[in-house]
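Student: Pasting the sequence and the predicted coordinates here, then a few questions.
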Amino acid sequence: QLQLVESGGGSVQSGGSLTLSCTASGTAFNIDSTGWYRQAPGKLRELIAEMVSEEGDAMVADAVKGRFTMSSDYTKKAIFLQMNSLRPEDTAVYYCNFNYRTAAWSDPINLKGQGAQVTVSP
């Protein structure tokens, strides 16, 4: 089983940058995909970046394209979200997500981190 720990949230002014990190501890047979979600007050949780495999490119949502970049280091079971040119509308709680299997024949397990608050002031 895996456990996730997120770090890197905080408060910045508009135009600033932050980097979120998410590291998994424990063992997994395979990590199928990883990603980042966010949930703003009063809004539904939305997927903003996803990576199916470490070799592939990350999918980035249109709302953050050109400003946010997702990367990973699967040898350390870690993923990152570099956020540049932040805007007040990016204010939300950001959650990392791992989809993984404990064995070749097991069903995938979906695990989310504890969340990191990102606040962008005008």
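Tutor: The structure has been received and is ready for your questions. Just so you know, these numbers come straight off a predicted model, no measurement behind them.
Student: Pull up the pairing partners for the host helix or strand of I79, direction included.
Tutor: For I79, the enclosing helix or strand under DSSP states H and E is strand 78-83. Using DSSP bridges, strand 78-83 pairs in its sheet with strand 18-26 (antiparallel), strand 68-73 (antiparallel).
Student: tell me the mean pLDDT for the first one?
Tutor: The average pLDDT within strand 18-26 is 96.
Student: now what about that strand, what contacts it?
Tutor: Under the criterion CB atoms under 8 Å, 6 or more residues apart in numbering, residues 1-10, 12, 31, 34, 36, 76-83, 86, 94, 96, 98, 111, 113, 116, 118 lie in contact with strand 18-26. C-beta coordinates here come from the backbone N, C-alpha and C atoms, glycine included.
Student: Who is L4 paired with across the strands?
Tutor: A24.
Student: number of nearby residues for it?
Tutor: Using other CB atoms under 10 Å, L4 has 20 neighbouring residues.
Student: gap between it and M51?
Tutor: Distance from L4 to M51, counting by CB to CB, to the nearest Å: 15 Å.
Student: likewise S72?
Tutor: Distance, S72 to M51, using CB to CB: 6 Å.
Student: Next, show the common contact partners of the two.
Tutor: With CB under 8 Å, 6+ apart as the test, S72 and M51 both reach T34, A58, I79.
Student: could you give the mean pLDDT of the strand holding I79?
Tutor: Confidence for strand 78-83, expressed as mean pLDDT, is 96.
Student: one step back: dump the strands paired with strand 78-83 into TSV; add mean neighbour count and distance to W105 as well.
Tutor: As requested, these are exported to TSV (neighbours: other CB atoms under 10 Å; distance: least, CB to CB, whole Å):
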stretch	mean neighbour count	distance to W105
strand 18-26	18	19
strand 68-73	18	25
